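Visitor: can you look at this prediction? I've put the sequence above it.
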Amino acid sequence: MTTREVEHEITIAAPAPDVYRLLADVTNWPRIFPPTIHVDQVESDGSQERIRIWATANGQPKNWTSRRELDPEGLRITFRQEVTAPPVAAMGGTWIIEPQSGGPASSRVRLLHDYRAVGDDPHDLLWIDEAVDRNSRSELAALKENVERVHATDEVTFSFEDTVHIAGSAKDAYDFIDQAGLWPERLPHVKTVTLTEDTPGLQTLTMDTRAKDGSVHTTTSHRVTFPHHRIAYKQTTLPALMTLHTGLWTFTDTDNGTTATSQHTVTLNTDNITRILGPQATTHDARTYVHTALSTNSLATLNHAKDHAEKKS
């Protein structure tokens, strides 16, 4: 069997322990790394953890389970895929963060991979080569940008949520959000939808939605479903005012029915604020505009899910 070993590296203007902490906390990954859709920590006992990752590889959504060993003293994180996704037969590697001597705080980050293809297929091995190279370059560049611009990123990244209470079951409310292919018939602000689910529980959703001003926006999201309580998503085609949009729909049974919540995390595209909102527009104006637009659509969707679930109960 052919085992390929590759290495990518980048220099980051930040102390090595700061870089390590960002990599060690997997909840950061959908925000930091463009290919990552969602990550769940399955189990953890301190230095060892199992994580399940949903991410794109060469643009195709995939998911796998990995074991990680965290070494905060050595500033290393080793990983090995436990359950792989074809055409990958085996995949592992190491993040190595090395302090750089001299001058301002600086770190060298090395990302090592070793992998094999199913059946040792040369075409599949080439596909993996391309996916690893593309994702490694993307992840390292995004890590560098996130660490070096942490203060600016904090200013333009924000999270919020909207909640409704439903006198009905979590399953019926969940089904309404899960069955997004029916949204053009069910939601006034949704014009068209294309929903595919080639892998059960991993959806790709492209839709045209109408804003309050009448404009139509096209977005594409990858969604990870956890029946009947959670749907996580990440937009890959975004409106002009955002460089990041991740979200989570949650449905929680209560004594009186269901609590349904839509949570958003957004990073503004500051380059487009004045072009979209006018020459005097500020970051605060853009935050308000995006928050209002997303909340309006989320609450409309949640209230239609509420009506759907309550009619079923």
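Guide: Nice, thanks for sending it over.
Visitor: next one: Val216 relative to Asp133, how far apart?
Guide: Between Val216 and Asp133 the computed distance is 36 Å (C-beta to C-beta, to the nearest Å). Using the backbone N, CA and C atoms, a C-beta is placed for each residue, glycine as well.
Visitor: can you check Ser47 too?
Guide: Taking C-beta to C-beta as the measure, Ser47 falls 30 Å from Asp133.
Visitor: from the contact counts, what lies against the lengthiest helix in the chain?
Guide: Across the chain, the helix with the greatest residue count (assigned by DSSP state H) is helix 283-312. Helices and strands touching helix 283-312, by 3 or more C-beta pairs under 8 Å, 6 or more residues apart in numbering; DSSP states H and E, are helix 150-156, strand 157-166, helix 170-178, helix 183-186, strand 257-268, helix 273-277.
Visitor: Ser47 and Asp133: who's more crowded?
Guide: Higher neighbour count among Ser47 and Asp133: Asp133, with 13 against 10, using other C-beta atoms under 10 Å.
Visitor: in the longest helix of the chain, what counts as buried?
Guide: Within helix 283-312, the residues scored as buried using 16 or more other C-beta atoms under 10 Å are 286-287, 289-290, 293-294, 297-298, 301-302, 304-306, 308-310.
Visitor: identify the farthest-apart pair in these.
Guide: Using C-beta to C-beta, the two most remote members of the buried residues of helix 283-312 are Ala286 and Glu310, lying 35.9 Å apart.
Visitor: which parts of stretch 139-158 are buried?
Guide: In stretch 139-158, the ones that count as buried by 16+ other C-beta under 10 Å are 139-140, 142-144, 146-147, 153, 156-157.
Visitor: pull the distance from that stretch to the chain's centre.
Guide: Shown here is stretch 139-158, whose average C-alpha point lies 15 Å from the average C-alpha point of the whole chain (C-alpha atoms, centre = their mean, to the nearest Å).
Visitor: same thing with stretch 91-100?
Guide: Between the centre of stretch 91-100 and the centre of its chain there are 22 Å (C-alpha atoms, centre = their mean).
Visitor: average pLDDT for that stretch?
Guide: For stretch 91-100, the per-residue pLDDT values average out at 95.
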